[in-house]
Structures are given as structure tokens and as C-alpha cells.
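Asks: pasting a predicted model and its sequence here:
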Amino acid sequence: MAKNEFKPFATGSGANVTTQTDWESLPVLSAGFTSGKASSAQVNKGLRQGTAMAAAVGQFIADNTNEDVKDNGDIAGLSAQLASAVEQAATGRLIGVRTITTSGTYTPTPGTKSIIVEVQGAGGGGGGVGTTNSTSVAVGCGGGSGAYAKSRIANLDSAYTVIIGAGGAGGVNGNGGNGGGTSFGTITAGGGYGGGSGNSAPPIIQNASGIPTATGGNIINLSGNNPIIGMAFSANVIISGGGASSILGAGGSPHGTAGIGREATGYGAGGGGANAYQNSSAQYNGASGSSGVVIVWEYA
């Protein structure tokens with residue numbers, strides 16, 4: 001046990017100290033004794049007030065730092081110990097936020113006692129389209145969003161393996177690619193599915209092929225979202241599919257003009273799908289999904 005060398009004075013039962021009422025009404029309380037003899041009870045009261053507080057602060061330092069608190073006149077050293085004790089005692093304080101966008105190893109910042117971690121899977125890519133003829137049109141669906149997990153960890157390991165999922169590639173004259181899964185230790189969030197692509201005489205309806213799930217979150221586990229489907233109602237009415245938005249990102253928007261898919265923003269959102277009207281000699285690619293992410297909130 002750490003030792004506290006600052007001891008209170010005159011704290012025993014029946015100690016010779018003036019009463020609090022008399023102390024507060026002393027004419028010399030603000031100016032101090034200037035001449036004559038001071039009552040021992042009054043002097044003892046003054047000593048007790050100062051030493052009791054010093055002893056309490058010293059014990060606070062010893063209890064929270066597990067270091068000896070020495071009465072050696074080292075004011076700078078005592079100040080440093082007090083600052084350390086306050087930091088150790090202030091549990092639950094947010095001390096940092098780590099946004100991790102590349103795979104690797106997470107090591108808690110010194111002083112971290114618990115974390116809240118958000119794990120977002122990557123978004124799927126939007127479907128791309130190829131050339132069309134006089135009877136066909138082409139439409140791509142947007143990509144689905146990645147799943148999401150959130151968890152609080154109080155008993156921390158020294159390090160955690162982090163895998164960040166890559167956004168699904170935009171489709172090139174075909175379906176978009178699936179987004180990669182993201183994980184933090186045993187907490188996982190699957191990547192969104194790529195959007196489909198169709199090229200034929202209308203009507204056409206295209207969607208993504210599945211919904212990813214999340215596991216391991218003790219606060220919440222959310223599946224990914226479906227994209228906005230791509231639709232061709234007729235040769236003149238075509239709407240590309242919009243990418244699904246995630247908790248941390250916005251999907252690429254749908255559009256009715258011939259062209260490439262629109263980009264997702266943020267993290268874990270699906271890329272938009274492309275579309276083409278009749279007699280198109282151009283190939284339009286779908287947009288890529290946005291990558292996954294891990295966000296770690298560190299608490300003292």
C-alpha cells in the first residue's frame with residue numbers, strides 16, 4: 001500500500017481546538033495574529049484545517065496512483081502526482097476516437113479502460129450496362145449497404161485484429177461486385193451485395209442478390225439495407241437503381257438519364273447502377289461501393 005506522509009494535526013477525540021462557531025467569528029481570522037498571545041485552541045484549529053486538507057489530498061493521490069506521497073517540499077512532484085491521480089480517478093471520460101480505414105492491429109491508447117467500437121461492412125457495387133440495339137435497353141441496380149455492429153468492451157485485450165472490407169467494384173457490362181466484410185476481433189459486419197444488371201426489351205427489374213448480417217455486437221447488430229431497384233418500364237422510361245445507404249454513408253443516387261452509376265459517400269454504402277437507352281454504343285459502368293470502417297471510442 002502506498003504511504004501518505006501528510007498527516008492531519010489535532011484530529012483526535014477531545015482535541016484542544018476552538019469551536020467552528022468561535023473560529024468563524026474570530027476578529028483575527030482574516031488578518032491573522034499580529035501581537036500578544038494566541039490561544040492554543042485557536043492555533044490548533046488553524047493547523048488542523050490546513051493539515052486535514054493536505055492529508056486528504058495526499059491520501060487521494062496515494063489511493064489513485066499507488067505511489068508514496070512524500071513530505072519533501074517537492075511542489076512540482078506533488079503537482080504531477082495530483083494530476084495523475086485526477087486522471088486515474090476520472091473513469092468514463094472520453095480520451096480519444098480512432099477511425100480505422102485500413103486493415104491491421106488496434107492497440108488501445110494508454111489510459112484506456114473501456115471502448116465502444118463500431119464495425120461497418122463495405123457497400124456493394126452498382127450494376128453496369130453494355131451497348132444496346134433498336135429493341136433493347138439496359139439498366140443496373142444499385143449495390144446493397146454493408147451490415148453494422150456496435151459493441152462495448154470493458155475487459156480489454158492488449159491488441160485486436162482489424163480487417164476493413166473493400167467496397168464492391170462497380171459492374172462492367174454486368175453485375176456489381178460484393179463489398180468486403182469488416183471485423184474487429186470477433187465482431188463482424190458483412191459486406192453489401194452487388195447490384196444486378198439487365199439488357200433486354202423492357203420491362204426490366206434488377207435487384208441485389210442478398211442482405212449481409214452482423215454478429216458479435218452487444219449493443220446492436222444491424223443487417224445491411226437493400227438498394228433501390230433498377231427499372232425499365234418502357235423504351236423511354238428507365239431509372240437506374242440507387243445504392244443503399246448505411247449507418248455511416250449515403251448510397252449513390254438513382255437517375256433516369258443514360259450514364260454511369262453515381263458514387264456512394266461515407267462508409268459502407270452501395271454504389272449506384274448505370275443505365276442505357278436503345279441504340280446505345282457506349283458502355284456505362286456501375287459505381288463502386290464505399291469501403292468499410294471501424295471506429296473506436298476510447299474511455300478512461
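Replies: Yes, it's here. Residues are numbered from 1 along each chain as shown.
Asks: quick one: residue 65 from residue 76, how far?
Replies: 15 Å (Cβ to Cβ, to the nearest Å). Every residue, glycine included, has its C-beta placed from N, CA and C.
Asks: for these two, indicate the residue with more neighbours.
Replies: residue 65 (20 against 7; other Cβ atoms under 10 Å).
Asks: mind listing what the more buried one touches?
Replies: Residue 65 sits next to 2, 81, 84-85, 88 when contact means Cβ atoms under 8 Å, 6 or more residues apart in numbering.
Asks: kindly recompute the last result at 7 Å.
Replies: 81, 84-85, 88 (Cβ atoms under 7 Å, 6 or more residues apart in numbering).
Asks: want to throw those residues into TSV with pLDDT?
Replies: Formatted as TSV, these follow (pLDDT from 0 to 100):
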residue	pLDDT
81	96
84	92
85	92
88	84
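Asks: derive a ChimeraX selection command for the buried subset of the residues you listed.
Replies: The following ChimeraX line selects those of these that are buried, judged by 16 or more other Cβ atoms under 10 Å:
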select :81,85,88
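Asks: so which of the contacts of residue 65 is the closest to residue 262?
Replies: Closest approach to residue 262 among the contacts of residue 65 (Cβ to Cβ): residue 88, at 50.5 Å.
Asks: what about the closest one, which helix or strand?
Replies: Element membership of residue 88 [criterion: DSSP states H and E] is helix 75-89.
Asks: what does the domain assignment say about the chain?
Replies: As assigned by automatic domain parsing, the chain contains the domains 20-89, 92-300.
Asks: follow-up on the earlier one: tell me the one of the contacts of residue 65 nearest residue 113?
Replies: Set against residue 113, the nearest of the contacts of residue 65 by Cβ to Cβ is residue 88 (9.7 Å).
Asks: how much space separates the closest one from residue 2?
Replies: In terms of Cβ to Cβ, residue 88 sits 12 Å off from residue 2.
Asks: please apply the same query to residue 220.
Replies: Applying Cβ to Cβ to residue 220 and residue 2 gives a distance of 42 Å.
Asks: of all the domains of the chain, which one is nearest residue 12?
Replies: Closest to residue 12 of the domains of the chain, according to Cβ to Cβ: domain 20-89, at 10.2 Å.
Asks: which parts of the longest helix seen in the chain are buried?
Replies: In the chain, assigned by DSSP state H, the helix with the most residues is helix 40-65. For helix 40-65, a neighbour-count test (16+ other Cβ under 10 Å) marks 42, 44-46, 48-49, 51-52, 54-55, 57-62, 64-65 as buried.
Asks: what does stretch 208-228 give?
Replies: 208, 210-212, 214, 216-217, 221-228.
Asks: export it as PDB, just CAs?
Replies: What follows is stretch 208-228, C-alpha atoms only, in PDB (Å, rounded to 0.1, in the frame of the first residue of the first chain):
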ATOM      1  CA  ALA A 208     -29.200  -7.100 -55.400                       C
ATOM      2  CA  SER A 209     -28.900 -10.800 -54.500                       C
ATOM      3  CA  GLY A 210     -28.900 -10.800 -50.700                       C
ATOM      4  CA  ILE A 211     -28.600  -9.000 -47.400                       C
ATOM      5  CA  PRO A 212     -25.500  -9.200 -45.200                       C
ATOM      6  CA  THR A 213     -25.700  -9.600 -41.400                       C
ATOM      7  CA  ALA A 214     -23.600  -8.600 -38.400                       C
ATOM      8  CA  THR A 215     -22.600 -10.600 -35.400                       C
ATOM      9  CA  GLY A 216     -20.800 -10.000 -32.100                       C
ATOM     10  CA  GLY A 217     -22.200  -6.600 -31.200                       C
ATOM     11  CA  ASN A 218     -23.500  -6.400 -27.600                       C
ATOM     12  CA  ILE A 219     -25.200  -3.100 -28.200                       C
ATOM     13  CA  ILE A 220     -26.700  -3.700 -31.700                       C
ATOM     14  CA  ASN A 221     -26.300  -5.900 -34.800                       C
ATOM     15  CA  LEU A 222     -27.900  -4.500 -38.000                       C
ATOM     16  CA  SER A 223     -28.200  -6.200 -41.300                       C
ATOM     17  CA  GLY A 224     -27.400  -4.200 -44.500                       C
ATOM     18  CA  ASN A 225     -30.100  -2.400 -46.500                       C
ATOM     19  CA  ASN A 226     -31.500  -3.400 -49.900                       C
ATOM     20  CA  PRO A 227     -30.700  -0.900 -52.700                       C
ATOM     21  CA  ILE A 228     -33.300   0.900 -54.800                       C
END
